[in-house]
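Enquirer: need a 3D model of the sequence below.
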Amino acid sequence: MTLIFLRAFFVILSSVAGYYVGSLMGAFNTAWGVGGAVIGFIGSLVIILIELVMRRFSIRNLSAAVFGLIFGFFMAWLLTSVIKLIPMSLELFASLQIILILIFCYLGMVIAMRGKDEFNLIIPYVKFVRQDKKEDVILLDTSVIIDGRIADIFQTNFVEGRIVIPRFVLKELQQIADSQDSLKRTRGRRGLDILNKIQKTPAFDVRIQEEDFPEIKEVDAKLVKLAKVLGAKVFTNDFNLNKIAELQGVTVLNINELANALRPIVLPGETMEVRINKEGKEYNQGVAYLDDGTMVVVDNSRHLIGQAVKVIVTSVLQTSAGRMIFAKLEDQPRSQGRQGK
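Expert: Next up, the predicted model:
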């Protein structure tokens, strides 16, 4: 709404200025003044239209183009200063000067825009601070937002830094929330609720990153590219994104690896009490689960489904999917002995 009032004020001011300039040029003739006001009105509308079109250009692209223009003009000036030492006519020198300025300004703008990510002229969320107090920037992936545990992790203050959510991640989340598939739609809406919760928490420093990479189609590739540009870390639970980011030297905070690291350590020979929930894949096996979701496979416990029993850990297997514990019944030897009798 503020922009609308600002544009309207600009149109009125341009019309008044046009009327005044027209009156001056026409010796304060009313017709000249009206003509100037009309020209000022139309000119202001054209400028507003140009401003609306320029909204599609990112600040980084614009800053890179300006840098390239200045650099190209400077190089052309240096070269023409050298050429000026060569005896030639004034007309030839002026022609060469114009041609060199056009060529170098164009080349400077094109080269700067192609390498805009390396220039990093305007990097959001980075301030001039002491080298030993660098602020971390954390990019959130779509999968970790939908997961929901990210909000609880940030509330513990174990992870510090500025939370940055790319605009293309928000678009992907919106597409999932508008999906025809009810499961995807539910997941997408859950992710939007988590984001709303994070943004409304005063302790969280959350920013939306508008930068996009139109030449890159995949969201994961865009996320890795943005992380390299901003020197940021990627918070995700996507296994494939984790590997791609690590291969390109981007630091990854994987929520699943964190959860696995926080699971209690169980050693062979320890005793624990579990509830047998279902039968296992092998003969006469029972399966139980710890509070953190760790699977416990208990031998000779199929007949005890639904009961709480004490077991002794025999081995622990760590897989990519998590930790599995193998155990046997604590009173297994005695019961087998009674069965033998």
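
Enquirer: contacts and neighbour counts: CA atoms only from here.
Expert: Fine.

Enquirer: got the CA coordinates for stretch 61-71 in PDB?
Expert: Once non-C-alpha atoms are left out, stretch 61-71 reads as follows in PDB (Å, rounded to 0.1, in the frame of the first residue of the first chain):
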ATOM      1  CA  ASN A  61      22.400  -9.500 -11.100                       C
ATOM      2  CA  LEU A  62      21.900  -5.800 -11.000                       C
ATOM      3  CA  SER A  63      25.000  -5.200  -8.800                       C
ATOM      4  CA  ALA A  64      27.100  -7.400 -11.000                       C
ATOM      5  CA  ALA A  65      26.000  -5.500 -14.100                       C
ATOM      6  CA  VAL A  66      26.800  -2.200 -12.500                       C
ATOM      7  CA  PHE A  67      30.200  -3.500 -11.400                       C
ATOM      8  CA  GLY A  68      30.900  -4.800 -14.900                       C
ATOM      9  CA  LEU A  69      29.900  -1.400 -16.400                       C
ATOM     10  CA  ILE A  70      32.200   0.500 -14.100                       C
ATOM     11  CA  PHE A  71      35.100  -1.900 -14.600                       C
END
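
Enquirer: may I see the buried residues of it?
Expert: Asn61, Leu62, Ser63, Ala64, Ala65, Val66, Phe67, Gly68, Leu69, Ile70, Phe71 (16 or more other C-alpha atoms under 10 Å).

Enquirer: kindly report the same for stretch 29-41.
Expert: With burial defined by 16+ other C-alpha under 10 Å, the residues of stretch 29-41 counted as buried are Trp32, Gly33, Val34, Gly35, Gly36, Ala37, Val38, Ile39, Gly40, Phe41.

Enquirer: any idea how far Val16 is from the fifth one?
Expert: Okay, so that is Gly36. To Val16, Gly36 is 9 Å away according to C-alpha to C-alpha, to the nearest Å.

Enquirer: got the contact list for Ile276?
Expert: Ile276 makes contact with Gly286, Val287, Ala288, Tyr289, Ser301, Leu304, Ile305, Gly306, Gln307, Ala308, Val309 under the criterion C-alpha atoms under 8 Å, 6 or more residues apart in numbering.

Enquirer: surely the third one is in contact with Gly280?
Expert: Spelled out, that is Ala288. No - in this structure Ala288 lies outside contact range of Gly280 using C-alpha atoms under 8 Å: 9.3 Å.

Enquirer: now do the strands in the chain.
Expert: According to DSSP state E, the chain carries its strands in the segments 137-140, 162-166, 206-209, 233-236, 252-254, 271-279, 286-289, 295-299, 308-319, 322-329.

Enquirer: any idea of the mean pLDDT in the fifth one?
Expert: When the per-residue pLDDT values of strand 252-254 are averaged, the result is 82.

Enquirer: and that strand, what does it pack onto?
Expert: strand 233-236, helix 239-247 (3 or more C-alpha pairs under 8 Å, 6 or more residues apart in numbering; DSSP states H and E).

Enquirer: let's see it at 6 Å
Expert: For strand 252-254, the helices and strands in contact under the criterion 3 or more C-alpha pairs under 6 Å, 6 or more residues apart in numbering; DSSP states H and E are strand 233-236.

Enquirer: so what strands line up beside the strand it packs on?
Expert: Using DSSP bridges, the neighbouring strands of strand 233-236 in the sheet come out as strand 137-140 (parallel), strand 252-254 (parallel).

Enquirer: out of these, which is closest to Ala94?
Expert: Shortest distance between Ala94 and the strands paired with strand 233-236, using C-alpha to C-alpha, is found for strand 137-140: 50.3 Å.

Enquirer: what's the offset of that closest one from the middle of its chain?
Expert: Distance of strand 137-140 from its chain centroid, counting by C-alpha atoms, centre = their mean, to the nearest Å, is 6 Å.

Enquirer: related to what we said a few turns ago, could the buried residues of stretch 29-41 be laid out in JSON lines, adding distance to Tyr106?
Expert: Written out in JSON lines, the entries for these read as follows (distance: C-alpha to C-alpha, whole Å):
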{"residue": "Trp32", "distance to Tyr106": "40"}
{"residue": "Gly33", "distance to Tyr106": "40"}
{"residue": "Val34", "distance to Tyr106": "40"}
{"residue": "Gly35", "distance to Tyr106": "37"}
{"residue": "Gly36", "distance to Tyr106": "35"}
{"residue": "Ala37", "distance to Tyr106": "36"}
{"residue": "Val38", "distance to Tyr106": "35"}
{"residue": "Ile39", "distance to Tyr106": "32"}
{"residue": "Gly40", "distance to Tyr106": "31"}
{"residue": "Phe41", "distance to Tyr106": "33"}
